[in-house]
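Novice: One predicted model, sequence on top.
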Amino acid sequence: MKNKVTAVVAALAVACPLCAFAAEGEAADRVEIDFAVGDNVLMVNGEPLEVTAPYVVGEGTTLVPVRVITEAFGADVGWDGDTQTVTLDYPGVSITLRIGSAEAQVNDHTEQLAAAPELYEGVTMVPLRFISETFDASVNWDSETSRITVVKEPHEEQAQIQAGTDKAYVGDSYYGWSMKNPTIMEMEDRSFDGRETFFANESGGIAIAIAEMDEDDTADDVYNSTRALVGNMTISIADRSTDENGNTMIHFRAKNNETTYDLLAAIKSGELYTVMTICNNDAADMEDIMDIASSFSVSARDDMYDMSNIENGSRTFTDEYMGVSLKLPADYYSVELDSTNRFQFASRNNEASYVALSVYSKSDTVTAEKLAAADREYNISVMNPSITSATEVVDTKAAGVPAKQYTLTVNGAGTRGKFVMKDTFFEIGDYVYNLGCQTSVESEADAIIASVSAEKLDAGSVGTILKDVSPVGDRDLELGSAELTLPEGWSVIEALSDSDSAILTNGNASVTVMELDGADTQNMQSFLNDISSHDSLWEQYGGDDTLVTIVPGSVKTAELGGRTFYTSEARFEYEDMTMYDTLYAAVIGNKGYLFNYSRLDVYYGGAYDEAAEAIVSSLK
């Protein structure tokens, strides 16, 4: 059953920056750290700070005392001595680091570090660049003075949206909305695709978000979900109406002891428009803020200031720090990444379509030619060989310079259908650029590649950007009373039930493994026979939009790692994708072990299958 209403997700998503704005207050002050490696007195926000001297490890990673981060950014720090884990909390960002581990948890995902945190003479030393850039600061190295400078500017006091125009209304002609010009506020943020817009002043803020509704979502669902957002607050407005164009409009206003919340939801042509307004109860301009929010309409006006950035069906993405730009179709949105050198975009209208642009420092091993060859070889190895073909690497042009390119075509009937992947590599100055386009329409990829531009970067300012900093070699994983070996490139994304089960992934495929008490060979075989039966799978996963097929040969036995496993395989054909699941079951003593290896059909029969089998074989 689908979750009811994407509206709730949209409203909560826009509420987060508003709540952060209201709660954090002074978090937007300028941050500056200035020092030379080896100094034990650092200049932090203009004041001297005496600490254990920063030092360099590995390939140029500077470690600094965690106190430098807390003093500079005002981040909250937590320390768990038992697990040797440090946690840094900053508005919108939570980082968890473990002494000796090159993996960092950033919000809800894992990132790799160039060097692990260390304990040095009882002081926790953490990687400066990683934390600073995750907190959206820039890190610069001055080779002439051998000094490092970290700077984070406060949100610019952006010109009010009405600057340069005397129009009384603002809006977006592409999405078809308008409201009174918020002359008393500043536009703090607007997403690349224009679906999220945030205005604020010292009293509060207005956040506008647009999200697609599920087919089975109703106006009642939206009303109930919006009502749930105000909880037990004092409600002064609870309206539901229809505008002159037949669009459903839902409006709630509520307050607690400190804050007034105004929630507006509008349903138009399968899209849900949400406007969340938060204002301090004692604000002198509350009435004006609420008047602006209440003027929101899901109709564009001829006399409005148009914020749409669509031109000839495309939007232009620009990143000044990395000096890159490219044009993308109007339905593409930016995928948020905690990185300054990687950019990713996806299509809302076509799941097969996405674009990724990465920038790396050039070296003997990182060149356009070598990356193109290695990337082609890797993709060929992991893709389903029965439906995949690839061209050789050819010479072309991108961003006005010579480039290397190959095209991979997938003739699938399941996930994503037929699509092409075009990977283009080029060099400008000291850096290598990789632009990858995947789409079901090859001409769309060609147009995106033709639009890319890149400025020559100053290596002294940008610094070194490593291509891959992932754990090297196999790693052991304890699972209850057993142990597994994770191949290079695989990691644990979730440990469950006191570590007697876990979900492992390489980013494109997953293995779920469970340890079961009181198992024997006979009941494990019966268990696998039962859950692998067509009726059982149909009961769990079947439906009007799902076709479950048991792959011929299930259930059978296989010798893996000197141990007998019972295995079975099933194919799940959903409305928008096809998945293959392979089950493995074995018994050691009185413990049963169940592995479920899951991947899309485009990876079936590729190198991921071998890696998953290696994980199963490593059980001991």
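Specialist: It's in.
Novice: Residues in contact with the helix or strand where residue 369 lies: which ones?
Specialist: According to DSSP states H and E, residue 369 maps onto helix 368-382. By Cβ atoms under 8 Å, 6 or more residues apart in numbering, the residues outside helix 368-382 that reach it are 360, 388, 390, 393, 403-406, 408, 421, 423, 425-427, 432-434, 467, 508, 603, 606-608. In short, each C-beta sits where N, CA and C put it, glycine included.
Novice: Try it again at 6 Å.
Specialist: Residues outside helix 368-382 that contact it (Cβ atoms under 6 Å, 6 or more residues apart in numbering) are 390, 393, 404, 406, 408, 423, 425-427, 432, 603, 606-608.
Novice: After that helix, which helix or strand is next? Please name it.
Specialist: Counting by DSSP H and E, the next helix or strand C-terminal to helix 368-382 is strand 388-390.
Novice: From the contact counts, what lies against that next one?
Specialist: For strand 388-390, the elements it packs on are strand 401-411, judged by 3 or more Cβ pairs under 6 Å, 6 or more residues apart in numbering; DSSP states H and E.
Novice: Buried residues, the helix holding residue 369. List them.
Specialist: Using 16 or more other Cβ atoms under 10 Å as the test for burial, helix 368-382 gives 368, 371, 372, 373, 375, 376, 379, 380, 382.
Novice: swap in stretch 562-571?
Specialist: Within stretch 562-571, the residues scored as buried using 16+ other Cβ under 10 Å are 563, 565, 566, 567, 568, 569, 570, 571.
Novice: Equivalent analysis for stretch 68-81, please.
Specialist: Neighbour-count burial for stretch 68-81 [16+ other Cβ under 10 Å]: 68, 69, 71, 72, 73, 75.
Novice: which outside residues touch stretch 114-122?
Specialist: Stretch 114-122 has contacts (Cβ under 6 Å, 6+ apart) with 57, 58, 61, 97, 99, 100, 101, 102, 125, 126, 127, 469.
Novice: Centre of the chain to stretch 265-275, how far?
Specialist: Here the centre of stretch 265-275 is set off from its chain's centre by 24 Å, with Cα atoms, centre = their mean, to the nearest Å.
Novice: Can you give me the neighbour number for residue 258?
Specialist: Neighbourhood size, residue 258 [other Cβ atoms under 10 Å]: 9.
Novice: backbone phi and psi for the nearest residue to it once chain neighbours are set aside, please?
Specialist: Computed as Cβ to Cβ, 6 or more residues apart in numbering, the closest residue to residue 258 that is not its neighbour in sequence is residue 281, at 6.0 Å. Note on residue 281: backbone dihedrals following degrees, to the nearest 10 are phi -60, psi -30.
Novice: Dump the helix holding residue 369 to CSV, restricted to CA.
Specialist: The C-alpha coordinates for helix 368-382 follow below in CSV (Å, rounded to 0.1, in the frame of the first residue of the first chain):
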residue,chain,number,x,y,z
ALA,A,368,40.6,11.8,-19.7
GLU,A,369,41.9,8.9,-21.8
LYS,A,370,42.5,6.6,-18.8
LEU,A,371,39.3,7.4,-17.1
ALA,A,372,37.3,6.7,-20.2
ALA,A,373,38.9,3.3,-20.8
ALA,A,374,38.5,2.3,-17.1
ASP,A,375,34.9,3.5,-16.8
ARG,A,376,33.9,1.7,-20.0
GLU,A,377,35.5,-1.5,-18.8
TYR,A,378,33.8,-1.3,-15.4
ASN,A,379,30.3,-0.6,-16.8
ILE,A,380,30.6,-3.4,-19.3
SER,A,381,31.5,-5.8,-16.5
VAL,A,382,28.6,-5.0,-14.2
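Novice: quick check: domain ranges of the chain?
Specialist: For the chain, automatic domain parsing gives the domain ranges 6-20+157-306, 30-152, 314-462, 475-617.
Novice: who touches residue 42 in this structure?
Specialist: Contacts of residue 42 by Cβ under 6 Å, 6+ apart are 35, 49.
Novice: quick one: secondary structure of it?
Specialist: Following DSSP: H, G, I helix; E, B strand; the rest coil, we place residue 42 in the strand state.
Novice: ok, what's across the strand from it?
Specialist: Per DSSP bridges, the residues bridged to residue 42 are residue 49.
Novice: do you know how far it is from residue 167?
Specialist: Going from residue 42 to residue 167 by Cβ to Cβ, to the nearest Å gives 49 Å.
Novice: Residue 290: which element?
Specialist: Counting by DSSP H and E, residue 290 is found in helix 286-294.
Novice: starting at the chain centroid, how far to that helix?
Specialist: In terms of Cα atoms, centre = their mean, the centre of helix 286-294 is found 34 Å from the chain centre.
Novice: For it, name the packing helices and strands.
Specialist: Helix 286-294 sits against strand 271-280, with contacts defined as 3+ Cβ pairs under 6 Å, 6+ apart.
Novice: could you dump the strand it packs on to PDB, C-alpha only?
Specialist: Output of strand 271-280 as PDB, limited to C-alpha atoms (Å, rounded to 0.1, in the frame of the first residue of the first chain):
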ATOM      1  CA  GLU A 271       0.400  18.600  -8.500                       C
ATOM      2  CA  LEU A 272       0.400  19.700  -4.900                       C
ATOM      3  CA  TYR A 273       1.400  23.200  -4.000                       C
ATOM      4  CA  THR A 274       2.200  23.800  -0.300                       C
ATOM      5  CA  VAL A 275       2.900  27.100   1.300                       C
ATOM      6  CA  MET A 276       4.200  27.000   4.900                       C
ATOM      7  CA  THR A 277       4.600  30.200   6.800                       C
ATOM      8  CA  ILE A 278       6.100  30.600  10.200                       C
ATOM      9  CA  CYS A 279       6.200  33.800  12.200                       C
ATOM     10  CA  ASN A 280       7.100  34.800  15.800                       C
END
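Novice: heads up, I number from 111, so please use that
Specialist: Right, with 111 as the first residue, what we last looked at is strand 381-390.
Novice: Give the rounded mean pLDDT of it.
Specialist: Taken as a whole, strand 381-390 carries a mean pLDDT of 93.
Novice: who does that strand touch, helix- and strand-wise?
Specialist: In terms of contacts (3+ Cβ pairs under 6 Å, 6+ apart), strand 381-390 is packed against helix 116-134, strand 314-322, strand 369-378, helix 396-404.
Novice: any idea which of these scores lowest on pLDDT?
Specialist: When the helices and strands packed on strand 381-390 are compared by mean pLDDT, helix 116-134 comes last with a mean of 49.
Novice: after that one comes which helix or strand?
Specialist: Along the chain past helix 116-134, the next helix or strand (assigned with DSSP H and E) turns out to be strand 141-146.
Novice: Run through who's touching that next one.
Specialist: Against strand 141-146 from outside (Cβ under 6 Å, 6+ apart): 152-155, 182-183, 247, 256-257, 259-262.
Novice: What of stretch 187-195?
Specialist: Residues from elsewhere that reach stretch 187-195, judged by Cβ under 6 Å, 6+ apart: 176, 180, 196, 197, 198, 208, 209.
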